[in-house]
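Peer 1: this is the structure alone, sequence omitted:
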């Protein structure tokens, strides 16, 4: 009997070994066969970013007095024909003239900027731009958010960001495929350093233009310098917001700080206020925008 039990045990062990030999690795005698592991579904590939059109066929401009060419042609007046974005003045050679040609500027470009506007107004301007279904929208906004009577009145950075994000959302709701060019806010401290050597500039600035930066323009004391530094720091922060928010939109191009870094000289500033761009200054803004927009 004892020999028979040994024989049956040996036969069972051999049978189990043979069965395991044809199964998946990890099989042990006496264990049930495990179900095969299902392969995970392949992850969907991200959609490629839309290509940038270097020759858009229509342009809408939003922004403030710089886009309206305020004080470029006469005292205390808009001069939209000299606008860097949509003007018809051939001496300026605006962005719209370069992209569309003179025969299409009147019907295929729109200047929706308003002198004195701040970033909080941009969503409404963007909604107006979206209604025209433009292929390109230019944005130059933010100088008035820093150019308040005193630094404590400057637009908080968080509010500036919220308004800019809302503006892009309004555009996308009405014109989802429109491209956007975003210009940086100019370096207001550089404008101060250029204009303060002009007797005319000093006289005009005493009327109250951009007090946070330009008040007491001849004062080089530590308190005045800290005030100007605070304004410049706020402008730098605004430009950081413009860059970050624009980077999240596949159809948006920031100028890389080109306008902020441009060194306007006396001939490129309005002879009436030594602050806004002259016709020549407007031409420089047009050139900066055209280079960025047409870059492959």
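Peer 2: That came through, no problem. The structure presented is a predicted model; accordingly, all values stated were derived computationally and were not measured.
Peer 1: from here on, just use CA atoms for contacts and neighbour counts.
Peer 2: OK.
Peer 1: per-residue confidence at residue 50?
Peer 2: Residue 50 is assigned a predicted lDDT (pLDDT) of 79.
Peer 1: flag the shaky bits of this structure, pLDDT-wise.
Peer 2: Segments of the chain classed as low confidence (criterion: pLDDT under 70) are 1-49.
Peer 1: tell me where it has helices.
Peer 2: Assigned by DSSP state H, the helices in the chain fall at 2-21, 95-100, 105-108, 122-131, 143-146, 157-174, 188-195, 199-205, 211-214, 222-247, 258-261, 279-293.
Peer 1: out of these, flag the one nearest residue 64.
Peer 2: Nearest of the helices of the chain to residue 64, taken as CA to CA: helix 143-146 at 7.9 Å.
Peer 1: hang on, the earlier thing: could the helices of the chain go into CSV alongside mean neighbour count and distance to residue 69?
Peer 2: Listed next are these as CSV, based on neighbours: other CA atoms under 10 Å; distance: least, CA to CA, whole Å:
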stretch, mean neighbour count, distance to residue 69
helix 2-21, 11, 85
helix 95-100, 23, 13
helix 105-108, 16, 17
helix 122-131, 21, 17
helix 143-146, 24, 14
helix 157-174, 18, 22
helix 188-195, 19, 16
helix 199-205, 17, 18
helix 211-214, 24, 20
helix 222-247, 18, 21
helix 258-261, 17, 15
helix 279-293, 22, 7
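Peer 1: just put those in JSON lines and tack on distance to residue 85.
Peer 2: Compiled in JSON lines, the helices of the chain are given as follows (distance: least, CA to CA, whole Å):
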{"stretch": "helix 2-21", "distance to residue 85": "78"}
{"stretch": "helix 95-100", "distance to residue 85": "5"}
{"stretch": "helix 105-108", "distance to residue 85": "10"}
{"stretch": "helix 122-131", "distance to residue 85": "14"}
{"stretch": "helix 143-146", "distance to residue 85": "17"}
{"stretch": "helix 157-174", "distance to residue 85": "18"}
{"stretch": "helix 188-195", "distance to residue 85": "20"}
{"stretch": "helix 199-205", "distance to residue 85": "26"}
{"stretch": "helix 211-214", "distance to residue 85": "26"}
{"stretch": "helix 222-247", "distance to residue 85": "18"}
{"stretch": "helix 258-261", "distance to residue 85": "13"}
{"stretch": "helix 279-293", "distance to residue 85": "6"}
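Peer 1: out of those, nearest to residue 270?
Peer 2: With distances scored as CA to CA, the stretch of the helices of the chain nearest to residue 270 is helix 279-293 (7.9 Å).
Peer 1: output the contacting helices and strands for the closest one.
Peer 2: helix 95-100, helix 258-261 (3 or more CA pairs under 8 Å, 6 or more residues apart in numbering; DSSP states H and E).
Peer 1: show residues contacting that helix.
Peer 2: By CA atoms under 8 Å, 6 or more residues apart in numbering, the residues outside helix 279-293 that reach it are 54, 69, 72-73, 82-85, 91-95, 98, 181, 183, 253, 255, 258-259, 264, 267-270.
Peer 1: residue 111 touches residue 86, doesn't it?
Peer 2: Yes - using CA atoms under 8 Å, residue 111 is in contact with residue 86, at 6.4 Å.
Peer 1: higher neighbour count, the two?
Peer 2: A side-by-side neighbour count of residue 111 and residue 86, using other CA atoms under 10 Å, places residue 86 first with 29 against 21.
Peer 1: got a list of what the more buried one touches?
Peer 2: Contact analysis of residue 86 by CA under 8 Å, 6+ apart lists 59, 60, 61, 80, 94, 95, 96, 97, 105, 109, 110, 111.
Peer 1: if you set the cut-off to 6 Å instead, what comes out?
Peer 2: Going by CA atoms under 6 Å, 6 or more residues apart in numbering, residue 86 touches 94, 96.
Peer 1: how far away is it from residue 118?
Peer 2: Distance of residue 86 to residue 118, computed by CA to CA, to the nearest Å: 20 Å.
Peer 1: now swap in residue 174 and tell me
Peer 2: In terms of CA to CA, residue 174 sits 22 Å off from residue 118.
Peer 1: kindly report the same for residue 206.
Peer 2: Distance from residue 206 to residue 118, counting by CA to CA: 22 Å.
Peer 1: between the two, which is the more surrounded one?
Peer 2: residue 118 (20 against 14).
Peer 1: chain neighbours aside, what residue packs nearest to residue 252?
Peer 2: With CA to CA, 6 or more residues apart in numbering as the criterion, residue 252 has its nearest non-adjacent residue at 4.5 Å, and that residue is residue 180.
Peer 1: next, the contact list for that neighbour, please.
Peer 2: Residues near residue 180 by CA under 6 Å, 6+ apart: 136, 137, 138, 252.
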